[in-house]
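Colleague: give me the fold of what follows.
(one chain, ligands or ions: 2)
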Amino acid sequence: MQTPVTILILAAGLGTRMKSRRAKVLHRVGGRTLIEHVVETALAAAPAADVFVVVGRQAEQVQAAVADCGVGFIHQAEQGGTGHAVMVCRERLAARPGLLVVLYGDCPLLEPATVRELIEREAGSPAAATVITTTLEDPTGYGRVLRDEAGGVRAIVEQQAGTPAELAVREINSGIYCFRAELLWAHLEQVQPDNPAREYYLTDIVEILGRAGHGVQPYHLSDPSEVLGINTRLELAQVDRLFRERKVRELMLEGVTVEKPETVLVDARATIGMDTVIEPFAQILGRTRIGEDCRIGAGAIIRDSELADGVEIGPYTIIQASRIERGARVGPYARLRLGAHVAEGAQVGNFVELKKTRLGPGSKSMHLAYLGDAEIGAGVNIGAGTITCNYDGQSKHPTRIGDRVFVGSNATLVAPLDIGEGSYIAAGSTITDPVPPDALALGRARQVNKADWAKKRRAKAPTSAKCAKET
Ligand code: UD1
Ligand code: CA
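Modeller: Ligands and ions are numbered 1, 2, ... in the order given. Just a heads-up that it's a prediction; the model follows:
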(Lines give C-alpha, C1' and ligand atoms only; values in the text may rest on other atoms or scores of the structure.)
(Ligands and ions follow the chains in the order given, each with its own letter.)
Protein backbone atom coordinates (compact mmCIF):
# COMPACT_ATOMS: atom_id res chain seq x y z
CA MET A 1 0.00 0.00 0.00
CA GLN A 2 1.20 3.52 -0.74
CA THR A 3 2.05 5.83 2.14
CA PRO A 4 -0.74 8.37 2.67
CA VAL A 5 0.34 11.97 1.96
CA THR A 6 -1.00 15.21 3.39
CA ILE A 7 0.14 18.54 1.95
CA LEU A 8 0.18 21.66 4.10
CA ILE A 9 0.66 25.09 2.50
CA LEU A 10 1.64 27.95 4.82
CA ALA A 11 -0.02 31.16 3.67
CA ALA A 12 -1.02 33.09 6.78
CA GLY A 13 1.66 35.79 6.77
CA LEU A 14 1.10 39.37 5.61
CA GLY A 15 4.48 39.58 3.94
CA THR A 16 5.72 42.76 5.60
CA ARG A 17 8.56 43.13 3.11
CA MET A 18 6.04 43.52 0.27
CA LYS A 19 5.00 46.89 1.81
CA SER A 20 1.43 46.19 0.80
CA ARG A 21 -2.02 46.31 2.32
CA ARG A 22 -2.73 43.06 0.50
CA ALA A 23 -1.58 39.69 1.87
CA LYS A 24 1.51 38.50 -0.01
CA VAL A 25 -0.03 35.30 -1.38
CA LEU A 26 -2.72 37.40 -3.10
CA HIS A 27 -0.17 39.19 -5.27
CA ARG A 28 0.06 37.87 -8.80
CA VAL A 29 2.71 36.33 -11.00
CA GLY A 30 2.03 34.81 -14.40
CA GLY A 31 -1.50 36.23 -14.13
CA ARG A 32 -2.50 34.29 -11.01
CA THR A 33 -2.20 34.76 -7.27
CA LEU A 34 0.75 33.09 -5.58
CA ILE A 35 -1.59 30.87 -3.56
CA GLU A 36 -3.37 29.61 -6.68
CA HIS A 37 -0.04 28.54 -8.16
CA VAL A 38 1.04 26.66 -5.06
CA VAL A 39 -2.33 24.95 -4.55
CA GLU A 40 -2.35 23.87 -8.18
CA THR A 41 1.17 22.46 -7.86
CA ALA A 42 0.15 20.52 -4.73
CA LEU A 43 -2.93 19.04 -6.38
CA ALA A 44 -1.04 18.09 -9.52
CA ALA A 45 1.85 16.57 -7.58
CA ALA A 46 -0.24 14.25 -5.46
CA PRO A 47 -3.84 13.94 -6.67
CA ALA A 48 -4.63 11.45 -3.90
CA ALA A 49 -3.31 13.71 -1.13
CA ASP A 50 -5.44 15.96 1.05
CA VAL A 51 -4.31 19.57 0.80
CA PHE A 52 -4.69 22.12 3.61
CA VAL A 53 -3.87 25.82 3.56
CA VAL A 54 -2.95 27.74 6.71
CA VAL A 55 -4.63 31.14 6.46
CA GLY A 56 -4.45 34.16 8.75
CA ARG A 57 -3.97 37.61 7.28
CA GLN A 58 -6.89 38.36 4.95
CA ALA A 59 -8.01 34.79 5.40
CA GLU A 60 -11.32 35.37 3.62
CA GLN A 61 -9.74 36.66 0.45
CA VAL A 62 -7.10 33.94 0.46
CA GLN A 63 -9.79 31.28 0.89
CA ALA A 64 -11.84 32.86 -1.88
CA ALA A 65 -8.87 32.74 -4.27
CA VAL A 66 -8.73 28.93 -4.07
CA ALA A 67 -12.29 28.22 -2.95
CA ASP A 68 -13.12 25.91 -5.85
CA CYS A 69 -10.00 23.73 -5.56
CA GLY A 70 -11.31 21.39 -2.87
CA VAL A 71 -8.66 22.20 -0.25
CA GLY A 72 -9.16 22.51 3.52
CA PHE A 73 -8.32 25.62 5.56
CA ILE A 74 -6.78 25.99 8.99
CA HIS A 75 -6.70 29.32 10.83
CA GLN A 76 -3.60 30.79 12.38
CA ALA A 77 -5.03 33.79 14.21
CA GLU A 78 -1.66 35.33 15.08
CA GLN A 79 1.42 34.85 12.98
CA GLY A 80 4.08 33.50 15.30
CA GLY A 81 6.33 32.13 12.55
CA THR A 82 6.45 29.13 10.23
CA GLY A 83 6.85 26.70 13.17
CA HIS A 84 3.82 28.20 14.87
CA ALA A 85 1.85 27.92 11.60
CA VAL A 86 2.40 24.16 11.66
CA MET A 87 1.69 23.92 15.42
CA VAL A 88 -1.82 25.33 14.97
CA CYS A 89 -2.56 22.40 12.66
CA ARG A 90 -1.92 19.77 15.31
CA GLU A 91 -5.57 19.23 16.13
CA ARG A 92 -6.63 18.79 12.52
CA LEU A 93 -3.63 16.90 11.18
CA ALA A 94 -1.68 15.09 13.90
CA ALA A 95 -3.79 11.93 13.66
CA ARG A 96 -2.98 11.55 9.96
CA PRO A 97 -0.44 8.80 9.31
CA GLY A 98 2.20 8.77 6.60
CA LEU A 99 3.98 11.78 5.13
CA LEU A 100 3.39 15.48 5.65
CA VAL A 101 4.62 17.77 2.89
CA VAL A 102 5.03 21.43 3.87
CA LEU A 103 5.08 24.08 1.15
CA TYR A 104 5.28 27.86 1.57
CA GLY A 105 2.68 29.96 -0.18
CA ASP A 106 5.26 32.39 -1.52
CA CYS A 107 7.07 29.90 -3.74
CA PRO A 108 4.96 29.74 -6.92
CA LEU A 109 7.48 28.44 -9.47
CA LEU A 110 7.67 25.01 -7.86
CA GLU A 111 6.85 22.19 -10.30
CA PRO A 112 4.65 19.19 -9.43
CA ALA A 113 7.34 16.77 -10.62
CA THR A 114 9.73 18.16 -8.01
CA VAL A 115 7.20 17.66 -5.23
CA ARG A 116 6.60 14.10 -6.45
CA GLU A 117 10.33 13.42 -6.41
CA LEU A 118 10.55 14.89 -2.90
CA ILE A 119 7.82 12.52 -1.69
CA GLU A 120 9.44 9.52 -3.36
CA ARG A 121 12.84 10.28 -1.87
CA GLU A 122 11.39 10.59 1.61
CA ALA A 123 9.22 7.48 1.23
CA GLY A 124 12.23 5.48 0.10
CA SER A 125 14.58 6.52 2.89
CA PRO A 126 14.82 6.09 6.65
CA ALA A 127 15.29 9.87 7.15
CA ALA A 128 12.79 11.70 9.35
CA ALA A 129 12.48 14.37 6.69
CA THR A 130 13.71 15.45 3.25
CA VAL A 131 14.37 19.15 2.60
CA ILE A 132 14.68 20.70 -0.84
CA THR A 133 17.82 22.83 -0.97
CA THR A 134 19.63 24.72 -3.69
CA THR A 135 22.73 26.88 -4.03
CA LEU A 136 22.43 30.60 -4.69
CA GLU A 137 24.98 33.16 -5.85
CA ASP A 138 23.51 35.52 -3.24
CA PRO A 139 21.79 33.60 -0.41
CA THR A 140 20.85 36.73 1.58
CA GLY A 141 17.51 36.38 3.36
CA TYR A 142 17.24 32.61 3.07
CA GLY A 143 17.86 30.02 5.76
CA ARG A 144 21.33 28.43 5.32
CA VAL A 145 21.74 24.66 5.19
CA LEU A 146 24.43 23.24 7.48
CA ARG A 147 25.50 19.72 6.55
CA ASP A 148 26.96 16.97 8.74
CA GLU A 149 29.96 14.82 7.76
CA ALA A 150 27.71 12.28 6.08
CA GLY A 151 26.10 14.94 3.88
CA GLY A 152 22.84 15.02 5.84
CA VAL A 153 21.23 18.27 6.97
CA ARG A 154 22.40 19.03 10.51
CA ALA A 155 20.64 22.36 10.92
CA ILE A 156 19.08 25.32 9.12
CA VAL A 157 20.05 28.75 10.38
CA GLU A 158 18.05 31.84 9.57
CA GLN A 159 19.52 35.08 8.28
CA GLN A 160 18.88 36.95 11.57
CA ALA A 161 20.30 34.18 13.75
CA GLY A 162 23.37 33.00 11.81
CA THR A 163 27.01 33.62 12.64
CA PRO A 164 29.15 35.18 9.84
CA ALA A 165 30.62 31.75 9.09
CA GLU A 166 27.14 30.19 8.81
CA LEU A 167 25.86 33.05 6.67
CA ALA A 168 28.76 32.48 4.27
CA VAL A 169 27.14 29.17 3.28
CA ARG A 170 25.42 29.46 -0.09
CA GLU A 171 23.27 26.35 0.14
CA ILE A 172 19.79 27.49 1.17
CA ASN A 173 16.55 26.05 2.49
CA SER A 174 13.74 26.24 -0.07
CA GLY A 175 11.02 25.95 2.57
CA ILE A 176 9.78 22.75 0.96
CA TYR A 177 9.89 19.66 3.13
CA CYS A 178 8.51 16.18 3.39
CA PHE A 179 8.26 14.90 6.99
CA ARG A 180 7.40 11.56 8.56
CA ALA A 181 4.25 12.98 10.10
CA GLU A 182 4.51 11.06 13.34
CA LEU A 183 8.08 12.24 14.06
CA LEU A 184 7.24 15.85 13.21
CA TRP A 185 4.31 15.95 15.63
CA ALA A 186 6.32 14.15 18.31
CA HIS A 187 9.05 16.84 18.29
CA LEU A 188 7.38 20.04 17.05
CA GLU A 189 6.60 21.40 20.55
CA GLN A 190 10.34 21.63 21.19
CA VAL A 191 10.59 24.49 18.68
CA GLN A 192 10.93 27.67 20.73
CA PRO A 193 10.98 31.37 19.79
CA ASP A 194 14.56 31.73 21.04
CA ASN A 195 15.82 33.94 18.24
CA PRO A 196 16.09 37.72 17.64
CA ALA A 197 12.72 37.78 15.81
CA ARG A 198 10.94 35.95 18.68
CA GLU A 199 9.36 33.64 16.12
CA TYR A 200 8.83 29.89 16.07
CA TYR A 201 11.03 28.80 13.20
CA LEU A 202 9.93 25.56 11.55
CA THR A 203 13.53 25.21 10.42
CA ASP A 204 14.61 24.53 14.03
CA ILE A 205 12.92 21.12 13.74
CA VAL A 206 15.90 19.85 11.73
CA GLU A 207 18.32 20.20 14.62
CA ILE A 208 15.73 18.92 17.10
CA LEU A 209 15.15 15.77 15.04
CA GLY A 210 18.92 15.31 14.75
CA ARG A 211 19.38 15.50 18.53
CA ALA A 212 16.69 12.82 18.88
CA GLY A 213 18.71 10.60 16.55
CA HIS A 214 16.69 11.12 13.37
CA GLY A 215 18.42 12.11 10.17
CA VAL A 216 17.24 14.76 7.70
CA GLN A 217 18.36 14.37 4.10
CA PRO A 218 18.76 17.13 1.52
CA TYR A 219 17.29 17.00 -1.96
CA HIS A 220 19.55 19.48 -3.73
CA LEU A 221 18.27 21.15 -6.91
CA SER A 222 20.96 22.32 -9.30
CA ASP A 223 18.60 24.87 -10.89
CA PRO A 224 17.43 27.28 -8.18
CA SER A 225 14.78 29.06 -10.26
CA GLU A 226 11.98 26.72 -9.19
CA VAL A 227 12.31 27.45 -5.49
CA LEU A 228 12.77 31.21 -5.51
CA GLY A 229 10.64 32.64 -2.71
CA ILE A 230 8.95 36.01 -3.04
CA ASN A 231 9.44 38.49 -0.22
CA THR A 232 9.62 41.85 -2.03
CA ARG A 233 8.09 43.47 -5.11
CA LEU A 234 11.46 43.15 -6.79
CA GLU A 235 11.34 39.38 -6.36
CA LEU A 236 7.71 39.43 -7.48
CA ALA A 237 8.77 40.99 -10.78
CA GLN A 238 11.69 38.59 -11.17
CA VAL A 239 9.50 35.54 -10.59
CA ASP A 240 6.81 36.95 -12.87
CA ARG A 241 9.42 37.24 -15.61
CA LEU A 242 10.50 33.64 -15.10
CA PHE A 243 6.86 32.59 -15.32
CA ARG A 244 6.31 34.43 -18.56
CA GLU A 245 9.49 32.95 -20.00
CA ARG A 246 8.49 29.46 -18.93
CA LYS A 247 5.02 29.76 -20.46
CA VAL A 248 6.21 31.27 -23.75
CA ARG A 249 8.94 28.67 -23.99
CA GLU A 250 6.37 25.88 -23.51
CA LEU A 251 4.21 27.39 -26.25
CA MET A 252 7.13 27.65 -28.66
CA LEU A 253 8.07 24.02 -28.02
CA GLU A 254 4.45 23.08 -28.77
CA GLY A 255 4.57 24.77 -32.18
CA VAL A 256 3.53 28.38 -31.60
CA THR A 257 5.64 31.08 -33.26
CA VAL A 258 6.32 33.90 -30.82
CA GLU A 259 8.04 36.96 -32.24
CA LYS A 260 10.19 38.84 -29.73
CA PRO A 261 9.10 36.45 -26.96
CA GLU A 262 10.56 38.68 -24.24
CA THR A 263 7.81 41.24 -24.95
CA VAL A 264 4.86 38.85 -25.02
CA LEU A 265 2.71 38.18 -21.94
CA VAL A 266 0.80 34.90 -21.74
CA ASP A 267 -1.02 33.86 -18.57
CA ALA A 268 -0.47 30.35 -17.25
CA ARG A 269 -3.96 29.08 -18.07
CA ALA A 270 -4.11 30.38 -21.64
CA THR A 271 -3.79 27.82 -24.44
CA ILE A 272 -2.62 28.44 -28.02
CA GLY A 273 -2.73 26.03 -30.97
CA MET A 274 -0.03 24.96 -33.39
CA ASP A 275 1.23 27.30 -36.13
CA THR A 276 -0.36 30.33 -34.54
CA VAL A 277 1.86 33.40 -34.73
CA ILE A 278 2.04 35.83 -31.82
CA GLU A 279 3.45 39.24 -32.75
CA PRO A 280 5.49 41.38 -30.33
CA PHE A 281 3.86 42.95 -27.25
CA ALA A 282 0.70 40.86 -27.48
CA GLN A 283 -0.97 39.93 -24.16
CA ILE A 284 -2.97 36.72 -23.88
CA LEU A 285 -4.61 36.65 -20.49
CA GLY A 286 -6.87 34.66 -18.20
CA ARG A 287 -8.49 31.56 -19.60
CA THR A 288 -8.13 32.53 -23.24
CA ARG A 289 -8.12 29.68 -25.74
CA ILE A 290 -6.64 30.30 -29.17
CA GLY A 291 -6.85 27.74 -31.98
CA GLU A 292 -4.38 26.73 -34.66
CA ASP A 293 -3.12 28.88 -37.53
CA CYS A 294 -4.18 32.17 -35.99
CA ARG A 295 -2.26 35.44 -36.06
CA ILE A 296 -2.33 37.70 -33.02
CA GLY A 297 -1.23 41.22 -33.94
CA ALA A 298 1.29 43.37 -32.14
CA GLY A 299 -0.02 44.92 -28.94
CA ALA A 300 -3.31 43.02 -28.99
CA ILE A 301 -4.79 42.28 -25.54
CA ILE A 302 -7.01 39.22 -25.32
CA ARG A 303 -8.60 38.16 -22.04
CA ASP A 304 -10.86 35.21 -21.18
CA SER A 305 -11.84 34.72 -24.80
CA GLU A 306 -12.11 31.91 -27.29
CA LEU A 307 -10.64 32.05 -30.79
CA ALA A 308 -11.19 29.19 -33.24
CA ASP A 309 -8.67 28.13 -35.89
CA GLY A 310 -7.48 30.52 -38.58
CA VAL A 311 -8.54 33.71 -36.81
CA GLU A 312 -6.61 36.89 -37.48
CA ILE A 313 -6.41 39.63 -34.86
CA GLY A 314 -4.96 42.92 -36.07
CA PRO A 315 -2.57 45.02 -33.98
CA TYR A 316 -3.81 46.91 -30.90
CA THR A 317 -7.12 45.12 -30.69
CA ILE A 318 -8.69 44.62 -27.25
CA ILE A 319 -10.83 41.53 -26.73
CA GLN A 320 -12.51 40.51 -23.49
CA ALA A 321 -14.90 37.66 -22.69
CA SER A 322 -15.70 37.16 -26.37
CA ARG A 323 -15.80 34.41 -28.96
CA ILE A 324 -14.43 34.48 -32.49
CA GLU A 325 -15.11 31.70 -34.93
CA ARG A 326 -13.02 30.11 -37.64
CA GLY A 327 -11.47 32.37 -40.25
CA ALA A 328 -12.82 35.62 -38.80
CA ARG A 329 -10.71 38.80 -38.84
CA VAL A 330 -10.81 41.44 -36.13
CA GLY A 331 -8.84 44.69 -35.95
CA PRO A 332 -6.52 46.51 -36.07
CA TYR A 333 -7.81 48.82 -33.32
CA ALA A 334 -11.07 47.01 -32.65
CA ARG A 335 -12.70 46.35 -29.28
CA LEU A 336 -14.79 43.32 -28.39
CA ARG A 337 -16.28 42.89 -24.96
CA LEU A 338 -18.96 41.30 -22.76
CA GLY A 339 -19.85 38.28 -24.81
CA ALA A 340 -19.24 39.64 -28.29
CA HIS A 341 -19.45 36.83 -30.84
CA VAL A 342 -17.93 37.07 -34.30
CA ALA A 343 -19.14 34.17 -36.45
CA GLU A 344 -17.22 32.26 -39.08
CA GLY A 345 -15.55 34.38 -41.73
CA ALA A 346 -16.93 37.67 -40.37
CA GLN A 347 -14.77 40.79 -40.33
CA VAL A 348 -14.46 43.59 -37.81
CA GLY A 349 -12.26 46.51 -38.81
CA ASN A 350 -10.62 49.50 -37.18
CA PHE A 351 -12.38 51.52 -34.49
CA VAL A 352 -15.33 49.17 -34.29
CA GLU A 353 -16.70 48.20 -30.87
CA LEU A 354 -18.88 45.16 -30.30
CA LYS A 355 -20.62 44.67 -26.96
CA LYS A 356 -22.97 41.73 -26.30
CA THR A 357 -23.37 41.51 -30.04
CA ARG A 358 -23.30 38.64 -32.48
CA LEU A 359 -21.98 39.41 -35.94
CA GLY A 360 -23.21 36.59 -38.22
CA PRO A 361 -21.20 34.47 -40.66
CA GLY A 362 -19.46 36.47 -43.38
CA SER A 363 -20.82 39.80 -42.13
CA LYS A 364 -18.61 42.88 -42.09
CA SER A 365 -18.25 46.01 -40.05
CA MET A 366 -15.02 47.47 -41.33
CA HIS A 367 -14.76 50.97 -39.85
CA LEU A 368 -15.90 53.21 -37.02
CA ALA A 369 -18.99 51.63 -35.53
CA TYR A 370 -20.63 50.86 -32.19
CA LEU A 371 -22.71 47.69 -32.19
CA GLY A 372 -24.20 46.95 -28.75
CA ASP A 373 -26.89 44.41 -27.75
CA ALA A 374 -27.32 43.51 -31.41
CA GLU A 375 -28.10 40.26 -33.18
CA ILE A 376 -26.75 40.59 -36.70
CA GLY A 377 -27.41 37.91 -39.33
CA ALA A 378 -25.25 36.47 -42.11
CA GLY A 379 -23.81 38.40 -45.05
CA VAL A 380 -24.63 41.78 -43.53
CA ASN A 381 -22.67 44.92 -44.35
CA ILE A 382 -22.46 47.54 -41.62
CA GLY A 383 -21.34 50.89 -43.09
CA ALA A 384 -18.76 53.15 -41.49
CA GLY A 385 -20.11 55.27 -38.67
CA THR A 386 -23.08 53.03 -37.85
CA ILE A 387 -24.27 53.32 -34.26
CA THR A 388 -26.78 51.20 -32.38
CA CYS A 389 -28.47 53.55 -29.90
CA ASN A 390 -29.04 50.77 -27.40
CA TYR A 391 -29.35 52.86 -24.25
CA ASP A 392 -32.13 55.33 -23.47
CA GLY A 393 -30.61 56.55 -20.24
CA GLN A 394 -32.42 53.91 -18.21
CA SER A 395 -32.30 50.56 -19.91
CA LYS A 396 -30.57 48.75 -22.76
CA HIS A 397 -32.56 47.64 -25.83
CA PRO A 398 -31.82 45.08 -28.54
CA THR A 399 -31.31 45.60 -32.27
CA ARG A 400 -31.98 42.75 -34.70
CA ILE A 401 -30.57 42.91 -38.20
CA GLY A 402 -31.62 40.15 -40.63
CA ASP A 403 -29.44 38.31 -43.16
CA ARG A 404 -27.99 40.22 -46.13
CA VAL A 405 -29.01 43.66 -44.82
CA PHE A 406 -26.96 46.58 -46.15
CA VAL A 407 -26.60 49.35 -43.59
CA GLY A 408 -25.33 52.53 -45.29
CA SER A 409 -22.69 54.72 -43.69
CA ASN A 410 -23.49 56.83 -40.66
CA ALA A 411 -26.77 55.15 -39.86
CA THR A 412 -28.22 55.70 -36.39
CA LEU A 413 -30.24 52.67 -35.34
CA VAL A 414 -32.49 53.52 -32.39
CA ALA A 415 -33.28 50.39 -30.37
CA PRO A 416 -35.41 48.43 -29.81
CA LEU A 417 -35.34 47.87 -33.54
CA ASP A 418 -35.95 45.13 -36.09
CA ILE A 419 -34.44 45.36 -39.55
CA GLY A 420 -35.90 42.73 -41.89
CA GLU A 421 -33.62 40.58 -44.01
CA GLY A 422 -32.43 41.75 -47.39
CA SER A 423 -33.33 45.39 -46.69
CA TYR A 424 -31.24 48.53 -47.26
CA ILE A 425 -30.72 51.39 -44.84
CA ALA A 426 -29.85 54.62 -46.63
CA ALA A 427 -26.64 56.33 -45.56
CA GLY A 428 -27.08 58.99 -42.90
CA SER A 429 -30.45 57.67 -41.76
CA THR A 430 -31.85 57.74 -38.26
CA ILE A 431 -33.98 54.60 -38.06
CA THR A 432 -36.59 54.45 -35.29
CA ASP A 433 -39.27 52.16 -36.81
CA PRO A 434 -39.07 48.52 -37.85
CA VAL A 435 -37.89 47.95 -41.42
CA PRO A 436 -39.71 45.24 -43.40
CA PRO A 437 -37.69 42.65 -45.36
CA ASP A 438 -36.34 43.79 -48.73
CA ALA A 439 -37.34 47.44 -48.17
CA LEU A 440 -35.23 50.59 -48.51
CA ALA A 441 -35.45 52.69 -45.35
CA LEU A 442 -34.65 56.40 -45.61
CA GLY A 443 -34.62 58.30 -42.37
CA ARG A 444 -33.15 61.66 -43.31
CA ALA A 445 -34.19 64.99 -44.82
CA ARG A 446 -34.25 65.09 -48.62
CA GLN A 447 -31.39 67.06 -50.18
CA VAL A 448 -32.21 70.51 -51.58
CA ASN A 449 -29.94 72.21 -54.17
CA LYS A 450 -30.35 76.01 -54.40
CA ALA A 451 -29.23 77.07 -57.86
CA ASP A 452 -26.58 79.85 -58.11
CA TRP A 453 -26.77 80.45 -54.36
CA ALA A 454 -23.01 80.67 -53.95
CA LYS A 455 -22.52 82.91 -56.96
CA LYS A 456 -25.11 85.40 -55.64
CA ARG A 457 -23.49 85.40 -52.25
CA ARG A 458 -20.14 86.29 -53.72
CA ALA A 459 -21.71 89.13 -55.71
CA LYS A 460 -23.17 90.60 -52.50
CA ALA A 461 -19.88 90.38 -50.61
CA PRO A 462 -18.14 93.70 -49.57
CA THR A 463 -15.65 95.24 -52.09
CA SER A 464 -12.62 94.66 -49.84
CA ALA A 465 -13.09 90.91 -50.37
CA LYS A 466 -13.29 91.48 -54.14
CA CYS A 467 -10.12 93.69 -54.12
CA ALA A 468 -8.26 91.10 -52.12
CA LYS A 469 -9.11 88.60 -54.77
CA GLU A 470 -8.09 90.88 -57.69
CA THR A 471 -4.63 91.93 -56.37
C1 UD1 B 1 11.50 30.92 5.14
C2 UD1 B 1 12.42 29.93 5.87
C3 UD1 B 1 13.82 30.02 5.26
C4 UD1 B 1 13.74 29.71 3.79
C5 UD1 B 1 12.73 30.60 3.08
C6 UD1 B 1 12.51 30.09 1.68
C7 UD1 B 1 11.63 29.75 8.18
C8 UD1 B 1 11.85 30.18 9.58
N9 UD1 B 1 12.46 30.28 7.30
O10 UD1 B 1 11.95 32.22 5.38
O11 UD1 B 1 14.67 29.09 5.90
O12 UD1 B 1 15.03 29.87 3.20
O13 UD1 B 1 11.47 30.59 3.75
O14 UD1 B 1 11.69 30.94 0.94
O15 UD1 B 1 10.76 28.94 7.92
N16 UD1 B 1 3.75 31.98 7.28
C17 UD1 B 1 2.63 31.63 7.97
N18 UD1 B 1 2.53 31.94 9.28
C19 UD1 B 1 3.51 32.58 9.95
C20 UD1 B 1 4.67 32.94 9.24
C21 UD1 B 1 4.77 32.63 7.90
O22 UD1 B 1 1.70 31.02 7.40
O23 UD1 B 1 3.34 32.83 11.15
C24 UD1 B 1 3.85 31.65 5.84
C25 UD1 B 1 3.95 32.89 4.98
O26 UD1 B 1 2.66 33.32 4.58
C27 UD1 B 1 4.81 32.43 3.82
C28 UD1 B 1 5.62 31.29 4.38
O29 UD1 B 1 5.02 30.92 5.60
O30 UD1 B 1 4.02 31.96 2.74
C31 UD1 B 1 7.08 31.67 4.60
O32 UD1 B 1 7.16 32.76 5.47
P33 UD1 B 1 8.24 33.90 5.25
O34 UD1 B 1 8.06 34.90 6.33
O35 UD1 B 1 8.22 34.39 3.86
O36 UD1 B 1 9.60 33.10 5.51
P37 UD1 B 1 11.09 33.54 5.06
O38 UD1 B 1 11.56 34.60 5.96
O39 UD1 B 1 11.09 33.81 3.62
CA1 CA C 1 9.56 33.81 2.06
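Colleague: and the pLDDT at residue 49?
Modeller: Residue 49 carries a pLDDT value of 95.
Colleague: mind listing what whichever residue of the stretch 151-300 of the chain sits closest to ligand 2 touches?
Modeller: Taking Cβ to the ion as the measure, the stretch 151-300 of the chain has residue 229 as its residue closest to ligand 2, at 3.8 Å. Yep, even glycine has a C-beta here, placed from its N, CA and C like the rest. Taking Cβ atoms under 8 Å, 6 or more residues apart in numbering, we find residue 229 in contact with 104, 106, 107, 142, 174, 175, 235.
Colleague: and with 10 Å instead?
Modeller: Residues in contact with residue 229 (Cβ atoms under 10 Å, 6 or more residues apart in numbering) are 34, 104-110, 141-142, 172-176, 235, 239.
Colleague: next one: residue 409
Modeller: So, once contact is read as Cβ under 10 Å, 6+ apart, residue 409 ends up touching 367-369, 382-386, 425-429.
Colleague: so which of those residues sit within strands?
Modeller: Cross-referencing those against strands under DSSP state E gives 367, 368, 369, 382, 425.
Colleague: just the buried members of the contacts of residue 229?
Modeller: 34, 104-110, 142, 172-176, 235, 239 (16 or more other Cβ atoms under 10 Å).
Colleague: now residue 228: how far from ligand 1?
Modeller: With distances defined as Cβ to the nearest ligand atom, to the nearest Å, the gap from residue 228 to ligand 1 amounts to 8 Å.
Colleague: is that residue in contact with residue 108, as I believe?
Modeller: Yes. With contact defined as Cβ atoms under 10 Å, residue 228 counts as touching residue 108 (8.9 Å).
Colleague: what is in contact with the two at once?
Modeller: Taking Cβ under 10 Å, 6+ apart as the contact criterion, the common neighbours of residue 228 and residue 108 are 239, 242.
Colleague: low-confidence ranges, the chain, go.
Modeller: When residues are selected by pLDDT under 70, those of the chain lie in 1, 463-471.
Colleague: give me every residue in it lying close to ligand 1.
Modeller: Where the chain comes near ligand 1, counting by Cβ under 6 Å from any ligand atom, the residues are 10-13, 25, 54, 76, 79-82, 84-85, 104-107, 142-143, 156, 158, 172-175, 201-203, 229, 231.
Colleague: inside helices: which ones of those residues?
Modeller: Using DSSP state H to define helices, the subset of the residues of the chain next to ligand 1 located there is 82, 84, 85.
Colleague: residues in contact with the second one?
Modeller: If I follow you right, that is residue 84. For residue 84, the set of contacting residues under the criterion of Cβ under 10 Å, 6+ apart consists of 10, 12, 54, 76, 78, 188, 191, 193, 199, 200, 201, 202.
Colleague: could you do residue 178 as well?
Modeller: For residue 178, the contact set (Cβ under 10 Å, 6+ apart) comprises 5, 7, 99-103, 115, 117-123, 125, 127, 129-132, 217, 219.
Colleague: next up, the contacts around residue 456.
Modeller: By Cβ under 10 Å, 6+ apart, the neighbours of residue 456 are residue 450.
Colleague: just say helix, strand or coil for it.
Modeller: Classification of residue 456 into helix, strand or coil gives helix, according to DSSP: H, G, I helix; E, B strand; the rest coil.
Colleague: with adjacent residues omitted, what lies nearest to the residue of the stretch 1-150 of the chain at minimum distance from ligand 2?
Modeller: At 4.5 Å from ligand 2, residue 106 is the closest residue in the stretch 1-150 of the chain, using Cβ to the ion. Excluding the flanking residues, the one nearest residue 106 by Cβ to Cβ, 6 or more residues apart in numbering is residue 230, at 4.7 Å.
Colleague: does any part of the longest helix along the chain sit near ligand 2?
Modeller: Among the elements of the chain assigned as helix by DSSP H, the one spanning the most residues is helix 233-253. No. In terms of Cβ under 5 Å from the ion, no part of helix 233-253 sits within range of ligand 2; the closest distance is 8.8 Å.
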